[in-house]
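J.: Show me how the following folds:
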Amino acid sequence: MLKIANVVLSVIAGFIALSLLRVSQQKKELASWKALIAALVFFMLQEILGALRAFGIFSSPYLTHVVPTIVLALLIYALAIQLHINVVEK
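T.: Down below sits the predicted model:
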């Protein structure tokens, strides 16, 4: 039951990512949000893969390591973009 809740919440996270994408297109200072949105989408993918593995539908040990690495890399990239925006504007 918990995995089903994770999948539902990850789909909701996908909808939130789409709404954030619209806002980030309008303002230059929100450029780092694009990387955060991509990280949110990969997090959603990770949760769905976890649910599929829990129910025995699909299992891939390769993807369980690669997707979190991509999420972490995107978070670091978003932080670097935001730091650059803050330094350039000051």
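
J.: quick one: what helix or strand has residue 57 in it?
T.: When elements are defined using DSSP states H and E, residue 57 is found to belong to no helix and no strand.

J.: Over to it: give its phi and psi.
T.: phi -90, psi -40 (degrees, to the nearest 10).

J.: quick one, phi/psi of residue 11?
T.: Torsion angles, degrees, to the nearest 10, at residue 11: phi -70, psi -40.

J.: Distance check, residue 65 against residue 10.
T.: 19 Å (C-beta to C-beta, to the nearest Å). Every C-beta, even on glycine, is put in place using the N, C-alpha and C of the backbone.

J.: which one of these two has more residues nearby?
T.: It is residue 10, of residue 65 and residue 10, that has more neighbours when counted by other C-beta atoms under 10 Å, with 20 against 9.

J.: Could you list the buried residues of the host helix or strand of residue 85?
T.: Element membership for residue 85, per DSSP H and E: helix 61-89. Neighbour-count burial for helix 61-89, counted by 16 or more other C-beta atoms under 10 Å, picks out 67, 70, 71, 74, 75, 77, 78, 81, 82.

J.: For residue 31, which non-adjacent residue is closest in space?
T.: residue 81 (5.7 Å; C-beta to C-beta, 6 or more residues apart in numbering).

J.: related to what we said a few turns ago, what about the helix holding residue 85, average pLDDT?
T.: On average, the pLDDT along helix 61-89 is 91.

J.: Fine by me, thanks again.
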